[in-house]
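Chemist: please work out how this folds:
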Amino acid sequence: MVLNKLHDYGTTISMAFYSLGFTQSSADPNLYLCSDSILILLYVDDISMSYPEAATKAVIEVKAKLSEKYKIMNLGPTCQFLGIKIHHDDTEISLGQKDNISTILRRFGMENTHGALTPMDPNVKLHLSQDWGDKELE
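Modeler: Numbering: from 1, shown residues only. Presented below is the predicted three-dimensional model:
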């Protein structure tokens, strides 16, 4: 979704989100969270929304309220963000930077280089780390 400036929206956009029940994340001031599990991420004049299917009705209401104050366009699912390609299908989301890496390699005259395998056993199963607190790892 793209916001076009109808009003000055520095702190105004934050106030609009607060009035819709969103709170600002302490981890990222451009991330707003709602109790309906709706996440809104601001980037310059773009808004990226993420939400579970159960929150679709609430998202429609949020978009309607925002369109009362801002001229908005729905650009559909995110396909690229900060140079990362995002591919959606019915069961998964995959991320890739092939185009971004190719551009960097061309810029430095390295487009004919050969990649190396990642020095890691591909059969190793990774697990979420545990919170060890102040305990030192041996």
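
Chemist: list phi and psi for D36.
Modeler: Main-chain torsions, D36, degrees, to the nearest 10: phi -80, psi 10.

Chemist: same question for L66.
Modeler: phi -70, psi -40.

Chemist: so the closest residue to it other than its chain neighbours, which state does it fall into?
Modeler: Using C-beta to C-beta, 6 or more residues apart in numbering and skipping the chain neighbours, the partner closest in space to L66 is I72 (5.8 Å). Every residue, glycine included, has its C-beta placed from N, CA and C. The three-state assignment at I72 reads strand, by DSSP: H, G, I helix; E, B strand; the rest coil.

Chemist: tell me what I72 is bridged to.
Modeler: Counting by DSSP bridges, I72 forms beta bridges with L3.

Chemist: so after the helix or strand of the chain with the lowest mean pLDDT, what's the next helix or strand?
Modeler: None of the helices or strands of the chain scores lower by mean pLDDT, DSSP states H and E than strand 2-4, at a mean of 49. Downstream of strand 2-4, the first helix or strand assigned by DSSP states H and E is helix 11-19.

Chemist: please compute how far stretch 52-71 lies from its chain's middle.
Modeler: 17 Å (C-alpha atoms, centre = their mean, to the nearest Å).

Chemist: do the same with stretch 100-110
Modeler: Centre-to-centre, stretch 100-110 and its host chain are 25 Å apart (C-alpha atoms, centre = their mean).

Chemist: then stretch 38-52?
Modeler: 7 Å.

Chemist: list the buried ones in that stretch?
Modeler: Residues of stretch 38-52 classed as buried: 38, 40-42, 47-49, 51 (neighbour count, 16 or more other C-beta atoms under 10 Å).

Chemist: repeat for stretch 69-81
Modeler: For stretch 69-81, by 16+ other C-beta under 10 Å, it's 69-70, 72, 78.

Chemist: closest one of the residues you listed to I93?
Modeler: T78 (9.6 Å; C-beta to C-beta).

Chemist: so the closest one sits right up against D46, yeah?
Modeler: No. When contacts are counted by C-beta atoms under 8 Å, T78 is not listed as touching D46 (9.0 Å).
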